[in-house]
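Engineer: Next input, structure requested:
(4 chains)
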Protein chains: 2
Amino acid sequence: MPQFKPIKQSRVSEVVLGQLKEAILLGQFKSGQKLPSERELTEQFQVSRGVIREAIRVLEVTGFVVTRQGQAGGAYVTSLSFDHISSAFLDLFLANKISIPELAKVRHHIEPEIARLAARRITEEDGRRLREAQEAEFETPKDYSDRVLKHQRVHYLLAEMCGNHFFEAISKSMLNVTKEIVDAVEPDHKALHLSGEHAAIIEAVISGDEVLAAEAMRVHLDKFCRSLGKMEEVYRLKTRPREE
Amino acid sequence: MPQFKPIKQSRVSEVVLGQLKEAILLGQFKSGQKLPSERELTEQFQVSRGVIREAIRVLEVTGFVVTRQGQAGGAYVTSLSFDHISSAFLDLFLANKISIPELAKVRHHIEPEIARLAARRITEEDGRRLREAQEAEFETPKDYSDRVLKHQRVHYLLAEMCGNHFFEAISKSMLNVTKEIVDAVEPDHKALHLSGEHAAIIEAVISGDEVLAAEAMRVHLDKFCRSLGKMEEVYRLKTRPREE
DNA sequence: AACTATTTGTTCGTATGTATG
DNA sequence: GCATACATACGAACAAATAGT
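Structural biologist: Numbering: from 1, shown residues only, chains lettered A, B, ... in the order given. Okay, the predicted model is just below:
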């Protein structure tokens, strides 16, 4: 006996959203192309402008389009990036659903593998970018936030080089959350200077030695995650009172 | 010379969104509580209802609130779940930003570790649930989708038991994407019966043997990921034409 | 440099649908 | 069944931004 599927599509905006999303995924609107204007869409869908706007807003926060104002403005289809995964993870962290030790454990488990994969596929161009990032660590940063970014750059590059977009998304998300923490705590930890910490990793990756690269990353994270752990209390104090 | 930060917060709805989100994260609205009604918010913020509605819609798709209609309806704060991370990953997959081999590799690297952690913290109650899930695999499913769910149940439970919410979120996301694939392809692969496949893993986890649990998971995924790999072409054919 | 057309952003008033008591 | 409180939807306007003339 075939079960019936639950009928319930109240909310017109979700139907509109579904059709627009489907069209984008089907490639009927390619990256860079513009969706019809809100007014046009109201005519095509025969719904009010508010509905259209809600649907487009959702497409925007899920990363499918960006909107611009003015003539030649509108909703432009974009290539989905990993930023929205990152911000979803960040939300989870801000809502205290992920703790710093948990973050540290995951980084410790994943990033050595990423380093290993990067070492396996390293190219000359990649090597150049790594060395470049390493030198940038010693430049004087504009502010704390910039300094953290400079230090994360190597991890970021390795994530891109590992050749697995899933790993890349996860790693970038973790770096993003890490940055949130360090940014908040850093001013109290001025002493924390890690410039040059990545040298061993970079050399191992460039030399193509998978095992060594993973090991070097492991050693680095051992050290870093320890200091990350110490930030836990400071961070929670500085930010919000725990939800009951 | 201190740089000026780019001022640009046009879009009233984003300011409203920011304030509401902040209030929720600060615990000023606890989980289960209701935000003020749209009308009240228009008065407090002194903006139009469309703006309020857009902000609430975004809070909804990012998982901070659910909205209900009718008297006693409104936007209710919810505890952030991992569902939105999952759907963000699913979007990436649907947009061809993640391939099936990539997914397989990540599962292969993460789930043994999850099994290991689960084995380390196993409780009697957990063991009972695992055995329960295993028996359920042999029950006759209602449909293909239900069958996949039954088979994934063990992986799902282990993710919850591993004690790391980050791993949990990632693993559930991967399972979610996997389900999408298998659901689409399964009808062609009726022969694929995996009932009982998880026995070794479950026994190892329950016995608390970390090494064995990880190894059993590795063996299982070896096999499963091979068949997952074969689904790649079938899946892409069945679904959408690639966006070049 | 000013004007114009286009498009999103925002507002208000009103009407309808839906769940609660 | 009716009143209430709320979200949902519509439509017509005006404001603001931006590209082209």
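
Engineer: Show me what counts as buried in stretch A:221-240.
Structural biologist: A:221, A:224-225, A:228, A:231-232, A:235, A:239 (16 or more other C-beta atoms under 10 Å in any protein chain shown). The way it works is simple: take the backbone N, C-alpha and C, and place the C-beta from them, glycine included.

Engineer: All the strands of chain A, residue numbers only.
Structural biologist: A:65-68, A:74-77 (DSSP state E).

Engineer: would you list those strands in CSV and tack on mean neighbour count and mean pLDDT?
Structural biologist: Shown next, in CSV, are the strands of chain A (neighbours: other C-beta atoms under 10 Å in any protein chain shown; pLDDT from 0 to 100):
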stretch, mean neighbour count, mean pLDDT
strand A:65-68, 16, 94
strand A:74-77, 20, 95
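
Engineer: Out of the ones you listed, the one nearest DNA strand D is which?
Structural biologist: strand A:65-68 (6.1 Å; C-beta to the nearest atom of the strand).

Engineer: Touching the closest one from outside, list them.
Structural biologist: A:24, A:35, A:56, A:59-60, A:73-78 (C-beta atoms under 8 Å, 6 or more residues apart in numbering or on different chains).

Engineer: I'd guessed residue A:154 sits against residue A:200; true?
Structural biologist: No. Residue A:154 lies out of contact with residue A:200 (C-beta atoms under 8 Å); the separation is 11.2 Å.

Engineer: More neighbours: the two, which one.
Structural biologist: residue A:154 (25 against 16; other C-beta atoms under 10 Å in any protein chain shown).

Engineer: Which residue, neighbours along the chain excluded, lies closest to that one?
Structural biologist: residue A:198 (4.5 Å; C-beta to C-beta, 6 or more residues apart in numbering or on different chains).

Engineer: Let me know the pLDDT of the one you found.
Structural biologist: At residue A:198, the model reports a pLDDT of 90.

Engineer: What's the local residue count around it?
Structural biologist: 22.

Engineer: quick one, what contacts it?
Structural biologist: A:134, A:137, A:154, A:220.

Engineer: Out of the residues you listed, grab the one that's most surrounded.
Structural biologist: residue A:154 (25 neighbours).

Engineer: Okay, residue A:219 and residue A:226: tell me how far apart.
Structural biologist: Distance from residue A:219 to residue A:226, counting by C-beta to C-beta, to the nearest Å: 12 Å.

Engineer: Centre-most residue in chain A?
Structural biologist: residue A:86 (3.4 Å; C-alpha atoms, centre = their mean).

Engineer: What is the helix or strand bottoming out on mean pLDDT in chain A packed up against?
Structural biologist: One helix or strand of chain A scores below all others by mean pLDDT, DSSP states H and E: helix A:210-238, with a mean of 87. Contact analysis of helix A:210-238 by 3 or more C-beta pairs under 8 Å, 6 or more residues apart in numbering or on different chains; DSSP states H and E lists helix A:100-121, helix A:165-185, helix A:199-206 as its packing neighbours.

Engineer: Of all the residues in the shortest one, which ones are buried?
Structural biologist: Buried residues in helix A:199-206, counting neighbours by 16+ other C-beta under 10 Å, are found at A:200-206.

Engineer: Equivalent analysis for the longest one, please.
Structural biologist: The neighbour-count criterion (16+ other C-beta under 10 Å) identifies A:100, A:102-107, A:109-119 as the buried residues of helix A:100-121.

Engineer: when you check chain B, which of those residues turn up near it?
Structural biologist: A:102-103, A:105-106, A:109-110, A:113 (C-beta under 8 Å from any C-beta of the partner chain).

Engineer: mind putting those in a markdown table, pLDDT and distance to DNA strand C included?
Structural biologist: Formatted as a markdown table, those follow (pLDDT from 0 to 100; distance: C-beta to the nearest atom of the strand, whole Å):
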| residue | pLDDT | distance to DNA strand C |
| --- | --- | --- |
| A:102 | 95 | 36 |
| A:103 | 95 | 34 |
| A:105 | 95 | 40 |
| A:106 | 96 | 36 |
| A:109 | 97 | 41 |
| A:110 | 97 | 37 |
| A:113 | 98 | 41 |
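
Engineer: circling back: with the buried residues of helix A:199-206 in mind, which one is nearest to residue B:159?
Structural biologist: residue A:201 (29.5 Å; C-beta to C-beta).

Engineer: tell me which parts of chain A are close to DNA strand D?
Structural biologist: A:10-13, A:42, A:46-51, A:54, A:68-73 (C-beta under 7 Å from any atom of the strand).

Engineer: Just the buried ones from those residues?
Structural biologist: For these, buried by 16+ other C-beta under 10 Å: A:12-13, A:42, A:47, A:50-51, A:54.

Engineer: Can you lay out those as CSV showing distance to residue A:93 and pLDDT?
Structural biologist: Written out in CSV, the entries for these read as follows (distance: C-beta to C-beta, whole Å; pLDDT from 0 to 100):
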residue, distance to residue A:93, pLDDT
A:12, 34, 92
A:13, 29, 92
A:42, 39, 94
A:47, 37, 94
A:50, 33, 93
A:51, 33, 94
A:54, 28, 94
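
Engineer: quick one: which of these sit in helices?
Structural biologist: Judged by DSSP state H, helices contain the following of these: A:12-13, A:42, A:50-51, A:54.

Engineer: Export those residues to TSV and append columns for distance to DNA strand C.
Structural biologist: Below are these laid out as TSV (distance: C-beta to the nearest atom of the strand, whole Å):
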residue	distance to DNA strand C
A:12	10
A:13	14
A:42	9
A:50	7
A:51	12
A:54	10
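
Engineer: and chain A, which of its residues are near DNA strand C?
Structural biologist: So chain A meets DNA strand C at A:10, A:35, A:37-39, A:49-50, A:53, A:56, A:67-75 (C-beta under 7 Å from any atom of the strand).

Engineer: Could you check the pLDDT of residue A:7?
Structural biologist: In this model, residue A:7 carries a pLDDT of 53.

Engineer: Quick check: closest non-adjacent residue to residue A:84.
Structural biologist: residue A:63 (4.3 Å).

Engineer: How about residue A:167?
Structural biologist: Of all residues not flanking residue A:167 in the chain, residue A:114 sits nearest, at 5.5 Å (C-beta to C-beta, 6+ apart).

Engineer: Report the residue spans of chain A with pLDDT below the cut-off.
Structural biologist: A:1-9, A:187-195, A:240-244 (pLDDT under 70).

Engineer: Got the domain ranges for it?
Structural biologist: As assigned by automatic domain parsing, chain A contains the domains A:12-77, A:83-239.

Engineer: Mind putting those domains into CSV with distance to residue B:212?
Structural biologist: Listed next are the domains of chain A as CSV, based on distance: least, C-beta to C-beta, whole Å:
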stretch, distance to residue B:212
domain A:12-77, 41
domain A:83-239, 19
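
Engineer: Quick one: distance of stretch A:217-235 to the chain centre.
Structural biologist: Here stretch A:217-235 shows a centroid-to-chain-centroid distance of 20 Å under the convention C-alpha atoms, centre = their mean, to the nearest Å.

Engineer: And for stretch A:131-151?
Structural biologist: The answer for stretch A:131-151 is 19 Å, by C-alpha atoms, centre = their mean.

Engineer: and if you look at stretch A:213-220?
Structural biologist: 22 Å.

Engineer: what does stretch A:137-157 give?
Structural biologist: Offset of stretch A:137-157 from its chain centre (C-alpha atoms, centre = their mean): 16 Å.

Engineer: I'm done for today, thanks for sticking with me.
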